[in-house]
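1. heads up, no residue letters with this:
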């Protein structure tokens, strides 16, 4: 949920939706969901096209789970309904630290992080959909729970300013040791390995 995972209501209960360009990651997540009987359909593909240029974008692999009461409770923790615009907005749950396990961080990194060699080595965790206050909460939780120091990097993304967490050079090794055993071999490059 820290990355690109989405929970949405489908009738009275919610389902989990996964969309990623990395086929191995999506198949791994699907296998995990299948093991627990959460899915009924196989992974499918989308072939998006840039509307301006007409060029094909990267293939997107996706699946969604069946609806379950459990996902409904997660929806209520991770989303707020903006009553003015009648849209849902992803938010950080109050008990965020419970979810911030090494394996959860690894899946967050595999789905929504980059390793940046330019301008100093750092791992950048994409937190574009969260407010600056929420990003600072995540930053503090990483420090409090795992003693991993980081900083917030703000940048313009289209019309909006987004905030991302950057793991500095001094903390990269500690971060790698925390999650590398959970990261798929094909995605280790996202943490500089």
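-> Great, that's in hand. For clarity, every value in this text was computed on a predicted model and none was experimentally measured. Numbers count the residues shown, from 1 in each chain.
2. so where do the strands sit in this structure?
-> Assigned by DSSP state E, the chain shows strands spanning 6-10, 13-20, 44-46, 60-64, 79-82, 87-90, 113-116, 122-125, 150-157, 160-167.
3. among the ones you listed, which is the most enclosed?
-> Ranked by mean neighbour count, those are led by strand 122-125 with a mean of 22 (mean count of other Cβ atoms under 10 Å). The C-beta positions use only the backbone N, C-alpha and C, and glycine is treated the same way.
4. which elements pack onto it?
-> helix 102-112, strand 113-116, strand 160-167, helix 172-179 (3 or more Cβ pairs under 8 Å, 6 or more residues apart in numbering; DSSP states H and E).
5. how about 6 Å then?
-> strand 113-116, strand 160-167 (3 or more Cβ pairs under 6 Å, 6 or more residues apart in numbering; DSSP states H and E).
6. just tell me which of those strands ends up closest to residue 135.
-> Checking the helices and strands packed on strand 122-125 against residue 135 by Cβ to Cβ gives strand 160-167 as the closest, at 4.3 Å.
7. against residue 135, how distant is the nearest residue to residue 24 once chain neighbours are set aside?
-> Distance criterion Cβ to Cβ, 6 or more residues apart in numbering; nearest residue to residue 24, sequence neighbours excluded, is residue 186 at 5.3 Å. According to Cβ to Cβ, to the nearest Å, residue 186 and residue 135 sit 28 Å apart.
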